[in-house]
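> My questions are about this predicted structure, shown below with the sequence.
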Amino acid sequence: MKLPSLDLMKQSEFYRRPSRWFPVFFGLLAFAAAESRVALYSQENPAVTPVTFYRDVLPILQQHCQVCHRQGGIAPMAFQTYAGTRPYAAAIATAAQARTMPPWFAQKGIGKFSNDPSLTDREIDMLTAWMKNNAPAGSPTDAPPPRIWSGDWTISAPELELKMSEPVSIPAGGDIEYTYEIVPTRFSEDRWVQASEILPGLPEHVHHAVVYIRKPESNWLRHAPIGKPFTASMLNSPEDRRDAMWTDSDILLVYAPGSTPDQWPEGLAKLIPAGSDIVFQMHYTTNGKLGRDTSRIGLIFAKNPPKRQVLTLQLTNDHFVIPPGVPDYRVEARGTLPNDATLLGFFPHMHLRGKKFEYNLIRKDRSIDTLLRVNYHFHWQMSYRLADPLPLKAGTELQAVAWFDNSKANPHNPDPTAAVRWGEQTYDEMMVGFFDVAVDAGSDKWKFFQRTAAGNNAINAK
Ligand code: HEC
């Protein structure tokens, strides 16, 4: 197979600037609507059975909340037992009514997403009725079977865990440059990944983590140590230091606050070619405490080779300047698909001034079809997975639009008097619209960016 030149790949807008941050899209947690088996308790009709924890509330918690609210989950309290949940009955009802929990930021009415964890009106009524009735337990015999978690993993028990060989020491204060660690897979054959998850060793220090797949023929970070943490500035040659952040390697997956792991349906998987290394790229933040982080990933492999493979692409704009004080600064990026692909989902990434993010399809007549609009929240970086994957032809034009709030009204804004540019640290900004596509298995990013005639025509027609 002859690989296209890198220049060709860079012609694509999607590839204009390989960034340090290439999240994957997560989470096929299927949140089917809860079965409603009981009439709600109602003032008008007290004869109706009151809502109870075991029969009515627990199924909702299992389906919508336990992914975070469980022993070892990211939320501070576990909603697995009556005793553990009862003290929060009022807070649960309040959060449910306000729709602040479960966290979800896609604007209603635009797109349908398979990982939308939102409660139905009926479920909200149920939680409210339970609280109003003094949160009774009911009978444990009514309880659904407990939802079983494999330790700290959200995916089922991994077939393989790969972890950093040496922990990363985190200082108590200051900015930390992106930290890398290369871990060889020692795979003697190609492996197809059906599900994967990153478990940060110290979640309180890990702002995000990206795991790349470095193929054996890749020159990326070739002079860097194996199995030892390093940063770009620790590398010897200027080229190596510069290239640390520039890679055409595919991404296995990403961890960010609130993110869910990757779980692909049958017939769809990510490829780790034989002999590849896994490269952890860690963005740590300091919090006054020293730390030693050993992060790891868990993998579950596809039973059969898939027909389609997942690639993570991006629409990026890195040459903006956000003026001081502006509440609604708009930045956009566009690109055309070089080949046919099926759109699977989105993962917008911005920093502290992020306000809103939108993905659009631009039709031939220049009209715009909005696929997703997110009211961005820095603490909750989430993936939005299309309920109905969208087949797109080569030449299809996609647009990402971001809005930034650099005013003092933004409570997260570290400095409303600063003009803000692209940068690694959270007081800098980023504008990255990651998206996942499915392509025929056996393709890779390089092949995908070889444009078909249709892809080229579409670009020329612009
Ligand atoms: C994606 C992870 C996640 C999911 C899903 C989730 N929570 Fe939370 N929840 C959190 C975290 C983390 C906190 C801690 C406070 C924070 O960071 O906002 C929290 C806080 C809360 C609180 C404390 C008060 C508040 O509003 O902050 C309540 C109540 C709550 N969650 C209820 C729920 C309920 C009920 C569900 C399901 C219907 C749910 N959560 C689903 C992560 C989650």
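Everything's here; your move.
> Enumerate the residues of the stretch 251-400 of the chain near the ligand.
Counting by Cβ under 6 Å from any ligand atom, the positions of the stretch 251-400 of the chain adjacent to the ligand are Gly258. In short, each C-beta sits where N, CA and C put it, glycine included.
> Which stretches in the stretch 251-400 of the chain count as strands?
262-263, 268-272, 277-284, 291-293, 296-301, 308-316, 329-336, 341-349, 354-362, 368-375, 384-392, 397-404 (DSSP state E, counting those that start in this stretch).
> I'd like those as a markdown table, with distance to Lys228 and mean neighbour count appended.
Shown next, in a markdown table, are the strands of the stretch 251-400 of the chain (distance: least, Cβ to Cβ, whole Å; neighbours: other Cβ atoms under 10 Å):
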| stretch | distance to Lys228 | mean neighbour count |
| --- | --- | --- |
| strand 262-263 | 27 | 25 |
| strand 268-272 | 22 | 24 |
| strand 277-284 | 12 | 23 |
| strand 291-293 | 14 | 18 |
| strand 296-301 | 16 | 21 |
| strand 308-316 | 27 | 24 |
| strand 329-336 | 36 | 19 |
| strand 341-349 | 28 | 25 |
| strand 354-362 | 34 | 21 |
| strand 368-375 | 37 | 17 |
| strand 384-392 | 35 | 17 |
| strand 397-404 | 36 | 23 |
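> what's the closest of those strands to Gly442?
Using Cβ to Cβ as the measure, strand 308-316 is the one of these that comes nearest Gly442, at 7.4 Å.
> Dump the C-alpha coordinates for the closest one into CSV.
The C-alpha trace of strand 308-316 is given here as CSV (Å, rounded to 0.1, in the frame of the first residue of the first chain):
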residue,chain,number,x,y,z
ARG,A,308,-16.5,-0.8,9.2
GLN,A,309,-13.9,1.1,11.2
VAL,A,310,-14.1,4.2,13.2
LEU,A,311,-11.9,7.3,12.6
THR,A,312,-11.8,10.4,14.7
LEU,A,313,-11.5,13.7,12.6
GLN,A,314,-11.7,17.3,13.5
LEU,A,315,-12.7,20.8,12.4
THR,A,316,-10.3,23.2,14.0
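> Given that strand, what are its sheet partners and their directions?
strand 268-272 (parallel), strand 432-440 (antiparallel) (DSSP bridges).
> so what's the residue of the stretch 351-462 of the chain found nearest the ligand closest to, chain neighbours aside?
For the stretch 351-462 of the chain and the ligand, the shortest gap (Cβ to the nearest ligand atom) falls at His379, measuring 6.5 Å. In this structure, His379 finds its nearest non-sequential neighbour in Pro257, 5.5 Å apart by Cβ to Cβ, 6 or more residues apart in numbering.
> give the contact list for that neighbour.
For Pro257, the contact set (Cβ atoms under 8 Å, 6 or more residues apart in numbering) comprises Ile74, His207, His379, Trp380, Gln381.
> Now rank those by neighbours and give me the top one.
Gln381 (23 neighbours; other Cβ atoms under 10 Å).
> Quick check: that one touching Tyr255?
No - between Gln381 and Tyr255 there is no contact under Cβ atoms under 8 Å: 9.4 Å.
> before we move on, back to that, would you turn the strands paired with strand 308-316 into TSV with mean pLDDT?
Listed next are those as TSV, based on pLDDT from 0 to 100:
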stretch	mean pLDDT
strand 268-272	95
strand 432-440	93
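> which parts of the stretch 101-250 of the chain sit against the ligand?
Met101, Pro102, Pro103, Pro117, Leu119.
> mind redoing it with 5 Å?
Met101, Pro102 (Cβ under 5 Å from any ligand atom).
> ok and the residue in the stretch 151-300 of the chain nearest the ligand?
Gly258 (4.7 Å).
> where's that residue relative to Met101, distance?
11 Å (Cβ to Cβ, to the nearest Å).
> And stretch 140-148, how far out from the chain middle?
30 Å (Cα atoms, centre = their mean, to the nearest Å).
> Average pLDDT for it, rounded please.
Predicted confidence along stretch 140-148 averages 96 (mean pLDDT).
> Point out where the protein drops to low pLDDT.
1-48, 451-462 (pLDDT under 70).
> And the helices in it?
6-11, 58-64, 82-85, 89-98, 121-132, 238-243, 445-448, 453-460 (DSSP state H).
> List the buried residues in the fifth one.
Same thing as helix 121-132. For helix 121-132, burial by neighbour count (16 or more other Cβ atoms under 10 Å) applies to Glu123, Ile124, Asp125, Met126, Leu127, Thr128, Ala129, Trp130, Met131.
> Give me the angle between that helix and helix 89-98.
150 degrees (axes from the mean of the first three to the mean of the last three Cα atoms, to 10 degrees).
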